[in-house]
Structures are given as structure tokens and as C-alpha cells.
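Engineer: A predicted structure for the sequence below; I have some questions about it.
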2 protein chains.
Amino acid sequence: MNESIEEPEAPAPGSRRPGGRTARTRAAVRDAVLTGLSEHGYPALTVEYVAEHSGVHKTTLYRRWGGVEGMVADALDLAGEDRWSPPDTGSLGGDLRALAREVVDGFAEPADAAAPTAFVGAAFQSPRAAEALRSFYAERFRRCEEVVKRAVARGEAPAGADAGAVVRAVSAPLFLRLFVTREPLDHRLADQAADAAAAALAAGVFDRSPADAAPTTKDRPAADTAGAAGG
Amino acid sequence: MNESIEEPEAPAPGSRRPGGRTARTRAAVRDAVLTGLSEHGYPALTVEYVAEHSGVHKTTLYRRWGGVEGMVADALDLAGEDRWSPPDTGSLGGDLRALAREVVDGFAEPADAAAPTAFVGAAFQSPRAAEALRSFYAERFRRCEEVVKRAVARGEAPAGADAGAVVRAVSAPLFLRLFVTREPLDHRLADQAADAAAAALAAGVFDRSPADAAPTTKDRPAADTAGAAGG
DNA sequence: GATCAAACGCAACGCTTGTAGCGTTAGCCG
DNA sequence: CGGCTAACGCTACAAGCGTTGCGTTTGATC
């Protein structure tokens, strides 16, 4: 029947018709998805809702995106193509705190939190959305590593520090409360998360010096000699 | 036939008939839900699947649980009624590491990870499941605080430490990778998370001394004097 | 600007999901 | 042991979801 072998489902930016109606359709769908998520939440985001609010026919939505999860994943791909860059306050502590507060502020208003929350939730239902989310955060954390690299250049952090582990440590307690334990957030928790990561970094917990490939996962010489017993 | 009553269990919420068929029905549904989650995953867990595999009629499932999310939430409630208690290795560092490794091991096999992952995912779709998840982790972390309290009693940790923040800091990076960034886990990351929390605790980041109610969320005297600049 | 193929719109259909009415079963109690 | 009623099973149905076939529009190419 259809010999469209090249791409399984998602024409996306590599389509044979880069400009014109196809691009307009994609943008209209993306806007409708984000609007729907913000106003009604993910469970209420149905294909027919997007069809009605985007002016794109239901059939087209199923053909190009396969369903709601695909449209959410596509919107997530577009969201990752922004020009965001981490803050630069001049000090590691300030940068990490600003980073953490940016997360908290981004989820403060329910309307703002709906779309990002939906992205995370969609990943539980669709492998396509899961892959988009993984890719999004990999890029996002990669940009954040700049903060740690600057600190290393200033001598604020040890040279062998795992920058990715540091920035993940900062946001992890916030995401835990947002998506798992569902506890409220505030700036105090943001600062606490940033300070905790900074303290662990200073204590050498994030050093990947002895064995980068981590051959012995069972027991390390324990970096907590500088941590637990330090106080 | 099968009156394998393992334990009296809790009566169905709001039920006026604590024992008998109602309890059996609930147990059968719970088993079918867990089996379905482990074998086919959450997206494939439909009401009719549970009806077929539990022997309970579809109408009853909708009446008592309202849908899939309700059944998952109910299974989560039952899962929280176990007798789990945190490990006791004799030292704070050992306890936190054991705690972290327990999380990693619990999600190592896909079949074991399916149900807990589904619990988290269901919370994105149903307020009922979200509340059940919140309650589950509140109780779980409450038990974990014992680890920190023992450490305080031994003099390993400052007396004013926020035990809840510590145990959340331990598991947060692991849950981040499991549910958000979807990166692989290993024991090295578990130890790293435990050591980071221990280091931050030793540095005084988790002290809730000056103002417990956190009146000034904008700027604190900064506990990072011992953290970021401490090295 | 004529041609061709990709992408889209349209209407209709089958399937699954969720609900309602009603009869039946089973736990509880006198 | 016999009545009472909550809880469950059954059938049927309405609504929404996802798919299909075909005609139309649009953008690229010569």
C-alpha cells in the first residue's frame, strides 16, 4: 500500500516539505497542545480537543503523531530547542541557588506547571514521550554543567568533579517533591537543595577521580570520611 | 476453593461489610492489578483486563474503584501497609547507603519496577492516586527518619537536623533518574547519593535552627558558608 | 504554469470504554 | 432458620476513540 519506508511515524523537521502548510500545521498543533495542557491538564487533553482548537483534522493528528502522547512528545522536542542558558551570578553557590529557584518558580503557578508536569507524566505512558523527555533533560543538564565548569575555573570546586552529578543533585530534591511525594515547594527548599549539592561537591563526593568507569560498584574507599564525620 | 486469607487486612474504605465476599473481591482485584502491571505495564492495564483476570465483573470495578486509577491507588494503599523498616548497619553512612541501594535494587528488574513505576505514573492522571502516593511516601520517609535519629543519638549528626530532608536527599537523585531523566542506575550512584546527603548533613545544610517556620524565604544568612566556600 | 506527489480534509464505520436498569447472591442479625 | 440489605453479576446501551477509503489541496519540480 503505502511505501513510505523512510520514516515510521514522525516526519517532524526532516520532512520532505520543510516549509509551508506542514510547518504551519505542526505549529498550530503545538500551540493547541500547550494551551490544552495549561488550561485543562493532561488527562483532559484528547485528540479531538487538539483537533478542534488547532483547526487540524483529527485524521491528520492520528496519522502524523499517532495519538496524544506523540503530540506531547513533539511539543517537548520543540520546547527543548530554545536558547535557555544557566544563570551566572559570579559564584557557585549563587548559581546553584538561582538554578534551583528557577525550577521552583517555574512550577509555582499551576498554569505554568501544567505543561512540564504533563511532559513527565506522558513519559509513563508512551516510550516515544519517554525518549523525548530523556533527550530534553540530557540537553538541559548538559547546559547546566557550565555552572560547575565556571566554578572549577575559579577554583571554587575540585577539578575532577562530575558536573552532571552536581546539577542533578541540585534539582533532584525539587523534582522529587514535584512529581513523586507531591509536597509543596518554596525558596527555602531550593536554597537547601543548592547548598546540599555545594556541600557535597566541596566534600569531594562528586569526584570521579579513582575510577571513572566505576569498576568496583560494591565498595569505594568512602568519600564520607570528609562528610559524615566532618561535623 | 481458594480462601487463602493471608491476613485480615483492612476493610474496604467505607464498606459496611468488613469481611466476606467484599474483602475477597478486593484482594482478587489487587492481585490482578499487580500482575497486570508487572506483566504488561501500566498503559496496558485496562478495566476489562482486571475484570477478566480477577473474576470480578466490569460493572463492579467501575462502581467501587471508578476506573483504573482508583484500582491502582487502592493497590498502593495496601502496599503501604507492610512492615518495612529501614536498615540498621550501625553507622549513618552505612544506613544511608543501604537505603539508597535498596531503592536501586528494587528497580533493577523491570518486572519489579513496573508496579512502583505505575504508581508514580498513575498519580499524574488521578488525584486519588496522587493522594495515595503522597500518603505512601510520607509514611515511608517517616520511617526512614529513624536512621537519622539514631545517628543523632550516636553523635554522628547535629541534633537540629531535619531528618526528613536528609532521607529525601538520599533518594531524590535516584528517583530523578528513574522517573524524570530516565537514566540507568547502579550501586555507585546509590552510594554517591547517600554520601552527598551525609556530607550536606555534616556541613549543617539540613539544620533547621534559626527559623523553623522559614519566615524569610528570600535570603537566609546562608548555610553555604560551610558548604560552597567550605572547601 | 503544468505536472506530480505529499499532505490534508472529509464522512463514515467498528471497536472499546463507561454507564444504567434490574435481578441475584451473600453476609449480617434477630 | 428466615428476613433484610449491601454488594455483586448480567444485559443492554450511549458515547467517545481510533481507523479507513477516497477525494481535495498544497508545495515542490521541471
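Structural biologist: Great, that's in hand. Residues are numbered from 1 along each chain as shown, chains lettered A, B, ... in the order given.
Engineer: going forward, measure contacts and count neighbours with C-alpha atoms only.
Structural biologist: Fine.
Engineer: out of everything not next to it in sequence, what's closest to the most centrally placed residue in chain A?
Structural biologist: A centroid search over chain A (Cα atoms, centre = their mean) returns A:Tyr137, at 3.4 Å, as the residue closest to the centre. Residue nearest to A:Tyr137 in three dimensions, not counting chain neighbours: B:Thr181, with 5.8 Å by Cα to Cα, 6 or more residues apart in numbering or on different chains.
Engineer: helix or strand for the residue nearest to the centre of chain A, which one?
Structural biologist: If you go by DSSP states H and E, A:Tyr137 is part of helix A:127-154.
Engineer: close to chain B, is whichever helix or strand comes after that helix?
Structural biologist: Elements were assigned by DSSP H and E; along the chain past helix A:127-154, the next helix or strand is helix A:163-175. Yes - counting by Cα under 8 Å from any Cα of the partner chain, chain B has neighbours in helix A:163-175: A:Arg168, A:Ala169, A:Ala172, A:Pro173, A:Phe175.
Engineer: show me what the helix or strand that helix A:163-175 is followed by is packed up against.
Structural biologist: Using DSSP H and E, the helix or strand that follows helix A:163-175 in sequence is helix A:187-202. Counting contacts by 3 or more Cα pairs under 8 Å, 6 or more residues apart in numbering or on different chains; DSSP states H and E, the secondary-structure elements packed against helix A:187-202 are helix A:92-106, helix A:163-175, helix B:187-202.
Engineer: and helix A:187-202, C-alpha only, in PDB?
Structural biologist: Extracted C-alpha coordinates of helix A:187-202, given in PDB (Å, rounded to 0.1, in the frame of the first residue of the first chain):
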ATOM      1  CA  HIS A 187      12.600  29.100  48.000                       C
ATOM      2  CA  ARG A 188      13.900  27.700  51.300                       C
ATOM      3  CA  LEU A 189      13.900  24.200  49.800                       C
ATOM      4  CA  ALA A 190      15.500  25.500  46.700                       C
ATOM      5  CA  ASP A 191      18.400  27.000  48.600                       C
ATOM      6  CA  GLN A 192      18.700  23.900  50.700                       C
ATOM      7  CA  ALA A 193      19.000  21.700  47.700                       C
ATOM      8  CA  ALA A 194      21.600  24.000  46.200                       C
ATOM      9  CA  ASP A 195      23.500  24.200  49.400                       C
ATOM     10  CA  ALA A 196      23.400  20.500  49.900                       C
ATOM     11  CA  ALA A 197      24.900  19.900  46.400                       C
ATOM     12  CA  ALA A 198      27.500  22.500  47.000                       C
ATOM     13  CA  ALA A 199      28.500  21.000  50.300                       C
ATOM     14  CA  ALA A 200      28.700  17.500  48.800                       C
ATOM     15  CA  LEU A 201      30.800  18.900  46.000                       C
ATOM     16  CA  ALA A 202      33.200  20.600  48.400                       C
END
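Engineer: next, the angle from it to helix B:163-175.
Structural biologist: 70 degrees (axes from the mean of the first three to the mean of the last three Cα atoms, to 10 degrees).
Engineer: average model confidence for helix A:187-202?
Structural biologist: Mean pLDDT, helix A:187-202: 98.
Engineer: thinking again about what came up before, spit out the contact partners of the residue nearest to A:Tyr137.
Structural biologist: Contact criterion Cα atoms under 8 Å, 6 or more residues apart in numbering or on different chains gives A:Leu133, A:Arg134, A:Tyr137, A:Ala138 as the residues in contact with B:Thr181.
Engineer: neighbour-wise, give me the winner out of the residues you listed.
Structural biologist: The most neighbours of any of the contacts of B:Thr181, using other Cα atoms under 10 Å in any protein chain shown, belong to A:Leu133, which has 26 neighbours.
Engineer: tell me how far the residue nearest to the centre of chain A lies from DNA strand D.
Structural biologist: Here the distance between A:Tyr137 and DNA strand D works out to 27 Å (Cα to the nearest atom of the strand, to the nearest Å).
Engineer: how about A:Val72?
Structural biologist: A:Val72 sits 13 Å away from DNA strand D, going by Cα to the nearest atom of the strand.
Engineer: does that residue belong to a helix, a strand or coil?
Structural biologist: Per DSSP: H, G, I helix; E, B strand; the rest coil, the secondary structure class of A:Val72 is helix.
Engineer: just confirm it contacts A:Val33, I think it does.
Structural biologist: Yes - judged on Cα atoms under 8 Å, A:Val72 makes contact with A:Val33 at a distance of 6.9 Å.
Engineer: which strands and helices lie in contact with the helix holding A:Tyr137?
Structural biologist: Packed against helix A:127-154, as judged by 3+ Cα pairs under 8 Å, 6+ apart, are the following elements: helix A:68-79, helix A:92-106, helix A:110-123, helix A:163-175.
Engineer: just those: most buried one?
Structural biologist: Ranked by average neighbour count under the criterion mean count of other Cα atoms under 10 Å in any protein chain shown, the helices and strands packed on helix A:127-154 are headed by helix A:163-175 at a mean of 25.
Engineer: which elements pack onto that helix?
Structural biologist: Helix A:163-175 makes packing contacts with helix A:92-106, helix A:127-154, helix A:187-202, helix B:163-175 when contacts are defined by 3+ Cα pairs under 8 Å, 6+ apart.
Engineer: JSON lines for these, including distance to DNA strand C?
Structural biologist: As requested, the helices and strands packed on helix A:163-175 are exported to JSON lines (distance: least, Cα to the nearest atom of the strand, whole Å):
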{"stretch": "helix A:92-106", "distance to DNA strand C": "31"}
{"stretch": "helix A:127-154", "distance to DNA strand C": "19"}
{"stretch": "helix A:187-202", "distance to DNA strand C": "37"}
{"stretch": "helix B:163-175", "distance to DNA strand C": "28"}
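Engineer: could I get those helices as JSON lines with distance to B:Gly66?
Structural biologist: Formatted as JSON lines, those follow (distance: least, Cα to Cα, whole Å):
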{"stretch": "helix A:92-106", "distance to B:Gly66": "33"}
{"stretch": "helix A:127-154", "distance to B:Gly66": "27"}
{"stretch": "helix A:187-202", "distance to B:Gly66": "36"}
{"stretch": "helix B:163-175", "distance to B:Gly66": "29"}
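Engineer: how much space is there between A:Ala194 and A:Arg21?
Structural biologist: Distance check for A:Ala194 against A:Arg21: by Cα to Cα, to the nearest Å, it reads 46 Å.
Engineer: which one of those two is surrounded by more residues?
Structural biologist: Each of A:Ala194 and A:Arg21 has its neighbours counted (other Cα under 10 Å); A:Ala194 has more, 31 against 10.
Engineer: now for that one: which residues touch it?
Structural biologist: Residues counted as contacts of A:Ala194 (Cα under 8 Å, 6+ apart) are A:Gly93, A:Leu96, A:Arg97, A:Ala100, A:Ala169, A:Val170, A:Ser171.
Engineer: do you know how far A:Glu67 is from B:Gly66?
Structural biologist: In this structure residue A:67 is Gly, not Glu. Plainly put, A:Gly67 is 24 Å away from B:Gly66 if you go by Cα to Cα.
Engineer: try A:Gly20
Structural biologist: The spacing between A:Gly20 and B:Gly66, counted by Cα to Cα, is 45 Å.
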